[in-house]
Structures are given as structure tokens and as C-alpha cells.
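Participant: Just a sequence and a predicted model for now, questions to come.
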Amino acid sequence: MAGLTLASPSAERAVYSPWRETWRRFRRHRLAVLSAFLLLLLILAVLVGPFLWRVKINDIDIVAGMQGPSLAHPFGTDDLGQDLLARMIYGGRISLAVGLAAMLVSVFVGTLIGALAGMSRGALGHGLMWLTDLFLSLPPLPLLLLLIYLFRDGLKAMFGPEGGIFILIVLVIGGLRWMPVARLVRAQFLSIREKEFVEAARALGASPVRQVVRHILPNAVGPVIVAGTIDVAAAIIAESTLSFLGLGFPPDTPTWGRLLYDAKDFLDIGPHWALFPGGAIFVAVVAINFIGDGLRDALDARRVI
């Protein structure tokens with residue numbers, strides 16, 4: 001008919017893209033969108049902040065010690081007169097980097113073990129799940145402290161005080177957070193491997209590796225993304241806990257947890273010293289959890305939004 005145009009298949013695919021639909025569903029979760037905006041501001045602040053606020057983190061001014069927020073020191077100063085804003089910006093990069101790196105470790109290990117257990121139909125799958133249950137039964141904080149005590153000095157000698165502690169904390173936190181991801185991935189694999197499109201690929205001669213990489217893993221990635229966001233928040237809290245206990249980074253490396261540890265003896269005369277790093281940890285963890293909640297709803301096709 002004249003005047004009637006048909007949409008091309010490429011245009012229809014663009015309109016009904018799964019990722020476009022995921023973004024549409026995510027935008028409807030207002031707390032998740034607000035949390036993503038706050039987290040983006042926090043990341044931009046710690047990345048761009050050193051170029052805008054050029055005060056050195058170790059500049060000491062005894063006369064200005066324990067001052068509250070002012071124009072010269074927007075977040076106040078500590079007992080040595082060091083600028084808390086500069087130390088917050090520096091420490092934020094470390095705390096967020098630890099959270100992201102530990103999340104990558106836990107997601108990689110958990111996905112690998114979960115995929116092996118989900119594709120195995122014999123003793124390997126049962127053995128991997130037994131290992132996962134064993135790690136889940138271990139008390140995380142005492143084990144974390146034990147591993148820090150055992151390997152801290154050796155890694156410091158190999159990679160330096162900051163590099164050694166960073167590698168140790170990332171590996172220990174990530175190595176103790178992979179179990180929920182492994183169980184989640186295994187459950188997804190057990191369900192997806194029996195679907196018709198996987199059976200068709202298997203009937204056409206696809207190898208197990210191709211089945212996993214091409215068909216199963218892309219359909220199981222949604223819950224893994226959600227678990228990864230939660231792991232970032234858990235890793236930030238774990239690093240802050242270690243620093244607060246004095247077992248994290250060296251005293252001259254001002255992570256958010258280390259700032260809280262240094263402020264604990266001055267809460268009565270300098271509450272601002274603990275308020276700002278504690279608030280940053282709170283905002284980062286809550287924002288990441290709300291983002292994970294929004295991603296869970298957006299990636300769940302069974303949920304009507």
C-alpha cells in the first residue's frame with residue numbers, strides 16, 4: 001500500500017534490544033538511579049580531586065590541629081593539622097580500588113568453580129560444592145586476621161608496604177567471598193544446561209566449552225553482576241574493618257578505615273575527623289547495595305516493572 005513503510009529487522013532489534021530493556025527497567029528503580037549518581041560523584045571526586053585540591057596529604061601544621069570544617073580546610077584537620085579533605089580523596093581511591101579488585105577476584109573464582117560444578121555430572125561437582133560448603137562454614141573475620149598475620153611481612157618485603165598490603169587484602173577478601181557466587185553460578189548452570197537451545201547446540205556437536213561460553217554463561221551473567229555489586233560493598237567494609245583494627249595499610253596511608261582508626265581517640269573533641277570518612281563509607285556501601293537491588297530487578301525478566 002502507498003504510504004505504508006515497514007521497519008527493517010535491524011531497526012526492530014535496536015528497539016527491542018535486551019540491554020535497552022534492562023536500562024529501561026533499571027531507570028524505573030529511582031533509588032538505584034540516585035545511588036548510581038551518588039557513586040559516580042564519589043568516584044569522580046576521588047579521581048579528579050587531587051587535580052583540584054592540591055594540598056599534600058602529609059603537610060603538617062600543628063597550629064591548625066583539630067580544627068573543624070572551614071574555607072581553608074573544608075573537612076577540618078586532624079591532630080597534626082593535616083588536611084582531612086586531601087587525605088579523604090587519597091584514601092577513597094585505595095578503598096574503592098580494594099573493593100573493585102576484590103570483587104573481580106571473587107567473581108572470577110566463584111564463576112570458574114560454579115561453572116565446573118554446574119557442568120560436571122559426577123564426583124567433581126559434588127567435590128567442588130563440598131569445598132564451597134567448607135569455606136562457607138569457616139569464620140571469615142578470624143581467618144582474615146590469621147592470613148594477614150601470616151603473609152603480611154613477606155608480601156611487604158616483595159612488593160613494598162603499600163603494594164604488598166594491597167595485594168594481600170585483595171586476595172584475602174576476594175578469596176573469602178567467592179562461595180556465594182559459586183553456588184549462584186552452579187544453580188544457573190544446572191537450570192540453563194537443560195534448556196532447549198543448549199540441547200540443540202549439544203545435538204549439533206558443540207563442545208562443552210562452546211556450550212558454556214556461547215550459550216550458558218551469557219544467560220547466567222545477570223545474577224553474577226548483582227552478586228558482584230554486593231561483593232564490592234562487602235570488600236569496602238572488610239578493608240575498613242582491617243584498617244580500623246590496625247591490620248590494614250600502613251599508618252601513613254590514609255584509607256577511610258585508617259582515618260576512622262586514627263580518629264577513635266578524639267571523638268569528643270574532633271567528631272568531624274570520624275564523621276566524614278564514616279559518611280563516605282556509609283554512602284558508598286548503601287549506594288552500591290541499592291544499585292545491586294536495581295540491577296537484580298532489571299535483569300529479572302520474570303519481574304514486571
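Facilitator: Thanks, I have it. Numbering: from 1, shown residues only.
Participant: packing partners for the longest helix along the chain?
Facilitator: The longest helix of the chain (DSSP state H) is helix 84-119. For helix 84-119, the contact count by 3 or more C-beta pairs under 8 Å, 6 or more residues apart in numbering; DSSP states H and E identifies helix 30-52, helix 123-137, helix 161-175, helix 179-192, helix 217-244, helix 256-263, helix 271-299 as packing neighbours. For glycine as for every other residue, the C-beta is placed from the backbone atoms N, C-alpha and C.
Participant: between it and helix 217-244, what angle do the directions make?
Facilitator: Orientation check (axes from the mean of the first three to the mean of the last three C-alpha atoms, to 10 degrees): helix 84-119 against helix 217-244 gives 140 degrees.
Participant: Could you list the buried residues of helix 84-119?
Facilitator: Within helix 84-119, the residues that count as buried by 16 or more other C-beta atoms under 10 Å are 84-96, 98-107, 109-111, 113-119.
Participant: try stretch 126-134
Facilitator: Per 16+ other C-beta under 10 Å, stretch 126-134 contains these buried residues: 128, 129, 132.
Participant: can you redo these as a markdown table with distance to residue 58 and pLDDT?
Facilitator: Converted to a markdown table, the buried residues of stretch 126-134 look like this (distance: C-beta to C-beta, whole Å; pLDDT from 0 to 100):
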| residue | distance to residue 58 | pLDDT |
| --- | --- | --- |
| 128 | 47 | 92 |
| 129 | 49 | 91 |
| 132 | 44 | 92 |
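Participant: Return the member of those nearest to residue 238.
Facilitator: For the buried residues of stretch 126-134, the closest approach to residue 238 (C-beta to C-beta) belongs to residue 132, at 19.2 Å.
Participant: OK, contacts around the closest one?
Facilitator: Residue 132 makes contact with 113, 117, 179, 182, 183, according to C-beta atoms under 8 Å, 6 or more residues apart in numbering.
Participant: what about the closest residue to the first one other than its chain neighbours, distance to residue 135?
Facilitator: Right, residue 113. Distances taken as C-beta to C-beta, 6 or more residues apart in numbering place residue 182 nearest to residue 113, at 4.4 Å, with adjacent residues excluded. Going from residue 182 to residue 135 by C-beta to C-beta, to the nearest Å gives 9 Å.
Participant: which one of the two has more residues nearby?
Facilitator: Set side by side, residue 182 and residue 135 show more neighbours around residue 182, with 27 against 16, by other C-beta atoms under 10 Å.
Participant: Provide a list of residues in contact with the more buried one.
Facilitator: Contacts of residue 182 (C-beta under 8 Å, 6+ apart): 109, 110, 111, 113, 114, 117, 128, 132.
Participant: so what pLDDT did the closest residue to the first one other than its chain neighbours get?
Facilitator: Just to be clear, that refers to residue 109. Nearest residue to residue 109, sequence neighbours excluded (C-beta to C-beta, 6+ apart): residue 178, at 4.0 Å. You'll see residue 178 listed with a pLDDT of 91.
Participant: following the lowest-mean-pLDDT helix or strand in the chain, which helix or strand comes up?
Facilitator: Using mean pLDDT, DSSP states H and E, helix 9-15 stands out as the lowest-scoring helix or strand of the chain, at a mean of 51. Downstream of helix 9-15, the next assigned helix or strand under DSSP states H and E is helix 18-27.
Participant: Give me the helices and strands touching that following helix, please.
Facilitator: Using 3+ C-beta pairs under 8 Å, 6+ apart: helix 18-27 touches helix 30-52, helix 271-299.
Participant: out of those helices, deepest packed?
Facilitator: The highest mean neighbour count among the helices and strands packed on helix 18-27, using mean count of other C-beta atoms under 10 Å, belongs to helix 271-299: a mean of 20.
Participant: just how off-centre is that one within its chain?
Facilitator: 11 Å (C-alpha atoms, centre = their mean, to the nearest Å).
Participant: Also stretch 26-35?
Facilitator: 18 Å.
Participant: which residues are in contact with it?
Facilitator: 286, 287, 288, 289, 290, 291, 293, 294, 295, 297, 298, 305.
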